[in-house]
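In: Predicted coordinates and the sequence they were generated for:
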Amino acid sequence: MRLIDLMVQNVRGLTDIHLQPDKKNTVIWGPNGAGKSGVVDAIDFVLTGRISRLEGEGTRGITLVQHGPHIDHDLESAIVTAIVELPGFVEPITLTRCMARPDEVSCCEEVKANLSEIGAVVRKGGIILTRRDILRYIAAEAGTRADEIQKLLNIEDIEAVRESLYRARTELRRGEQNAKRAVDTAKAEVNVTLGAPQYNDERLLELVNECRKKLGSGPIDVIQSTAFKKGLTPPAPHQDKQPAFNPTFFQQVIDNIRQGTREDLTIGVARADQDLRLLLTDIKAHTDLLAELERLELNTQALRFVDDTTTKCPVCDASWPEGYLKKHLEEKIATAQEAEATKKQVSEVVQSIAGPSRGLRANINSLISVISAIKAGEKVRDDIKTLSVWQYSLDKLLEMLTEPVASYLDSGITAPSVARLLAPEGFESLLVRFEEAARKESPVLTPQQIAWDTLSHLEESVRALENRNREKNAASLYRSRGEILYTEYEQARESVLRGLYTRISGRFAEFYGLLHGDEKDSFNAQLHPDGAGLKFEVDFLGRGIHHPRALHSEGHQDSMGVCLFLALNEELSEGKTDLIVLDDVMMSVDTSHRKDLCHVLREKFPNHQFIITTHDRTWAKQLKQETVVEAQQVIEFTGWTIETGPHVHQQLDLWQAIEKEIDRDNVSEAAFKLRKGSEDFFESVCDALGAEVLYNSAMQWQLDDWLPAAMEQYKVLLQRARRAAKDWGNAEVLVVMDEMESVRKQIYGRTYAEQWAINASVHYNNWENMSREDFSPVIDAFRDLHDLFVCSTCHGMLQKLPRKGAAEIVKCPCGKVNWNLKQKSVS
Amino acid sequence: MDQHEVVDLPLVEQIVNQVLERLAGNSAFDAETLTRLQELARSGGLAKYAQVISSLGPDLEG
């Protein structure tokens, strides 16, 4: 995207302006308070519907509604219109946004989709660089810098995926734990028929084969529910009557319950409960224990990068006294290991409560099932309800034990009640009443029927166990996949981000080298990927590495910020926008480094459009001289008032401006423009060629000072270039130089003849009397003179290099002009 | 953020592709699961896969 036209009405200090960047680099310069930043805000607003300067840290109480429109103007009157070139659209697109409806932009739907992508880049700070942003990138700690850069590069989504995978891993771990508990519950159901407190494969197979033998069949050697009754036929019922229940099984369940509620067992559970409470109370009192356990892996990894001399945390970049960080990490790891041991103890104690409870619950469940089949009186039916309450209480206890740290102490289950949960008051009388009721209704079963019934119970409970085992295996597989995915993602993320950061670092180093190559021995700034962060290492005069904000000048910080921003900008989504706005970010950088920045902008970003604001006239002039911006794209803001906003002066090319005045027969104004334009021009020539200008204490120089100095320096340098060509025996260059010298003499002669016409001391009386015919030779002479100092190809100004010290070459920005000044004899 | 919206960003895609390459040699991921994972990754990124395996579990196989 490139900006063609920008019209702003009543926005942020601007009342009514029309700028024409025309897809080209443009510089807006003017004093502080002239409204330059209003242009940046207007661009921000028309592309995004918001103004980032009014948001973020330090903007409490500042809103778009209140502070977006120009002072004393309402939202309806605050309007920005931009004509832009968008990729994929042949015709320019007009975008209009009003502050009364900031979310609405007037353009077609197709453009809106395109614009929303650009808006996303702008919103993240991708095209506008302010001094505030520089502090964000340069002055921040490594982690914060990486966060800011991630926002800019639109890679927060990488973190969103990581978090999603982390949550999935946690869920899958929990799922596996639940599946394991379901297996334990299913085993407890099998144990009801086995009549054993612990599940045992051998005992199960033995019982199955005992039953099969009674039913006249051979043994099986694999535990598989579908094989239990394989080859068997159900035995005929005694007296042709199906029994309501199996009294043998019933008695076994009753016996199991009596076993499960033995005093020694309930005492053991009560003790385990006490132990668990102590452990959990201890954990609650030391909340850091489990937190450290969560960080055990991280801290163990961190310790690998730390030794007794480390003074900076490898994770967060925080400073530490020597040796303290290692000790700190070791303490944390020791705490985590203690927490791990405590967690293991908790798990064992929980098992001491959950195991017996689970077994008892399974038997109560079976008892309810059997006793419900017996025709019994009302009292027994009430007793069944009591059984259900008992079973529910045990369910509740088991549920609390699944997340004991989170819920056990606050569950309402008290220490005395745990023992009672296992053996409630009056339960023995309850069992006796069930036995009496069963005895009355007890059917007569053959040994084969009992064996068949036992096999049926086993078949059902083992089938359930097989299903739970399958689910557990699946849950383990998913948990394992979740673990692998998370680990692999973290590694791939690290690798991709490191690659990205390395590219950014490389580009940063390249740009920074172009700006500060002459200082590399005394000032060396490097940007390093540092884990998930980005770290600056800045040497200061060979005296060690320091934070970039600690010792370095604001100028260095500014140029670091601009280089980093430009390096990052290249990583933004390709093709969405070529526009880059630099909002007064070079104010602390000295003149010579600004020239180098011009080189970076011109050479490294030829396909981008820069909108640059500055309060510094010299920087604006440099941008023009170095051909970063054309003369017409230098826009001056002056004379700001609340009523009028700034006066906007978009320069014409000097010669077009003069021609315009000549066409209007306004010779006086043409002469004035020629003089002022030449004054600016030759001041720049003196700077570029290192011409000597006579010092005056008023620090004010005029054309009469700049012009002769520039002409003399050009003549001297050209003579040196000719001498050098002769010295090296370069006949071809010498011919060109001789020709240039001849042209110089001829142009200088004409200039001397016509110079009087723009002499400041005569202009008021003489210009009035001059006709356009009189003045045309003056224009021609000066135009030819100007052309001597610029390249005919790139229109950039000739420059003496190196800038400091003896001149060695004279070059233009594109390199077409390239005079060697060094002679063979002295080279 | 809606996990289904985490899609087609070049850097995320680079990461997802690296993950898929690494998983190809892992015994916990059979060919069928890998194919399904690749389809999901193309349509919704790994976040969607994470959501599927954590909430639906075995349904992934179907």
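Out: Right, received. Where do you want to start?
In: so how many other residues sit close to the closest residue in space to A:Lys24 that isn't next to it in sequence?
Out: Nearest residue to A:Lys24 in three dimensions, chain neighbours excluded: A:Gln633, at 5.1 Å (Cβ to Cβ, 6 or more residues apart in numbering or on different chains). In this view, the C-beta of every residue, glycine as well, is placed from N, C-alpha and C. Here the number of neighbours of A:Gln633 (other Cβ atoms under 10 Å in any protein chain shown) works out to 24.
In: Which neighbouring residues are in contact with the closest residue to A:Ile809 other than its chain neighbours, exactly?
Out: The spatially closest residue to A:Ile809, leaving aside those adjacent along the chain, is A:Leu801, at 5.1 Å (Cβ to Cβ, 6+ apart). Taking Cβ atoms under 8 Å, 6 or more residues apart in numbering or on different chains as the criterion, A:Leu801 is in contact with A:807-811.
In: likewise A:Asp221?
Out: Applying Cβ under 8 Å, 6+ apart to A:Asp221 gives the contacts A:Leu205.
In: how much space is there between it and A:Arg212?
Out: Distance, A:Asp221 to A:Arg212, using Cβ to Cβ, to the nearest Å: 12 Å.
In: Then A:Glu117?
Out: 73 Å.
In: Kindly report the same for A:Val581.
Out: The spacing between A:Val581 and A:Arg212, counted by Cβ to Cβ, is 87 Å.
In: Same question for A:Asp787.
Out: From A:Asp787 over to A:Arg212 the distance is 113 Å, taken as Cβ to Cβ.
In: which of those two has more neighbours?
Out: For A:Asp787 versus A:Arg212, the count of surrounding residues by other Cβ under 10 Å is larger for A:Arg212: 21 against 13.
In: what sits against the closest residue to that one other than its chain neighbours?
Out: Of all residues not flanking A:Arg212 in the chain, A:Pro219 sits nearest, at 6.3 Å (Cβ to Cβ, 6+ apart). When contacts are counted by Cβ under 8 Å, 6+ apart, A:Pro219 touches A:209, A:212-213.
In: Could I get the phi/psi values of whatever residue of the stretch 201-350 of chain A ends up closest to chain B?
Out: Of the residues in the stretch 201-350 of chain A, the one nearest chain B is A:Glu294, at a distance of 19.1 Å by Cβ to the nearest Cβ. According to degrees, to the nearest 10, the main-chain angles of A:Glu294 amount to phi -60, psi -30.
In: Please apply the same query to A:Asp103.
Out: Torsion angles, degrees, to the nearest 10, at A:Asp103: phi -80, psi -10.
In: Also A:Val11?
Out: Backbone geometry at A:Val11, expressed as degrees, to the nearest 10, gives phi -130, psi 120.
In: what's the answer for A:Met699, then?
Out: Taking degrees, to the nearest 10, you get phi 60, psi 30 for the backbone angles of A:Met699.
In: Any idea how many residues pack against the closest residue to A:Ile779 other than its chain neighbours?
Out: If the residues on either side of it in the chain are set aside, A:Ile779 comes closest to A:Ile658, at 6.0 Å by Cβ to Cβ, 6+ apart. For A:Ile658, the count of nearby residues is 25 (other Cβ under 10 Å).
In: And A:Ile658, how far from chain B?
Out: According to Cβ to the nearest Cβ, to the nearest Å, A:Ile658 and chain B sit 51 Å apart.
In: do the same with A:Val790
Out: The spacing between A:Val790 and chain B, counted by Cβ to the nearest Cβ, is 43 Å.
In: Please name the residues that touch A:Arg53.
Out: Taking Cβ under 8 Å, 6+ apart as the criterion, A:Arg53 is in contact with A:37, A:40-41, A:44, A:59, A:130, A:132.
In: Please identify which pair of those residues lies farthest apart.
Out: Greatest spatial distance in the contacts of A:Arg53: A:Val40 and A:Thr59, 15.6 Å, computed using Cβ to Cβ.
In: Looking at those two, which is more packed in?
Out: Counted by other Cβ under 10 Å, A:Val40 and A:Thr59 do not tie: A:Val40 has more neighbours, with 23 against 13.
In: That one: which element?
Out: Taking DSSP states H and E as the definition, one finds A:Val40 inside helix A:36-48.
In: Now do the same contact list for the closest residue to A:Val306 other than its chain neighbours.
Out: Of all residues beyond its chain neighbours, the one nearest A:Val306 is A:Lys326 (5.0 Å), with distances taken as Cβ to Cβ, 6+ apart. For A:Lys326, the set of contacting residues under the criterion of Cβ under 8 Å, 6+ apart consists of A:303, A:306-308, A:310.
In: In terms of helices and strands, where is A:Lys326?
Out: The secondary structure element spanning A:Lys326 is helix A:324-371 (assigned by DSSP H and E).
In: Over to A:Ala160?
Out: Using DSSP H and E, A:Ala160 falls within helix A:156-194.
In: helix/strand/coil for the residue lying closest to A:Asp201 once chain neighbours are set aside?
Out: Spatial nearest neighbour of A:Asp201, chain neighbours left out: A:Ile223 (6.0 Å); criterion: Cβ to Cβ, 6+ apart. Using DSSP: H, G, I helix; E, B strand; the rest coil, the secondary structure recorded for A:Ile223 is coil.
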